[in-house]
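> Sharing a model prediction with you, sequence too.
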Amino acid sequence: MEINDYSTRLAQARSNYNESTNELRDAYNKDVNKLEELHEMKQKKQAENYSNSKNKLENQQADYINEYNAKTSEAIEDRTRGFRKDLERQKESFNEDR
């Protein structure tokens with residue numbers, strides 16, 4: 001075997017190794033980029049879902065607050081009217097007893 005043949009084979013083996021290494025590196029970088037894009041999309045979707053859920057809960061809470069405020073105001077007005085009527089009756093009764 002001649003030295004030139006050995007050198008040629010060695011150079012070819014190195015070239016093949018370097019090509020396969022470069023291909024592997026490119027494939028790895030492509031996979032990393034795809035994973036980063038997927039991660040960004042997932043984060044964006046989760047942020048949207050969180051924001052939508054939060055807004056929905058805030059709106060529900062505001063509706064409940066408005067509903068209970070209205071009910072409470074109505075109950076207070078009813079009790080106030082009842083108290084005033086009772087007070088007026090007692091006043092009339094007191095005036096009659098005098």
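All right, it came through fine.
> Where does pLDDT dip in this structure?
1, 98 (pLDDT under 70).
> Centroid-nearest residue for it?
Centrality entry for the chain: nearest residue to the mean C-alpha point is Tyr50, 1.1 Å, by C-alpha atoms, centre = their mean.
> I'd like to know how far that one sits from Thr80.
44 Å (C-beta to C-beta, to the nearest Å). From N, CA and C alone the C-beta is placed, and that goes for glycine too.
> who's in contact with Thr80?
Listed by C-beta atoms under 8 Å, 6 or more residues apart in numbering, the contact set of Thr80 is empty.
> all helices of the chain, in order?
3-97 (DSSP state H).
> and Asn52, how many residues sit next to it?
10 (other C-beta atoms under 10 Å).
> brain fart, Asp63
Other residues close to Asp63 by other C-beta under 10 Å number 10.
> do the same with Arg79
Neighbours of Arg79 (other C-beta under 10 Å): 10.
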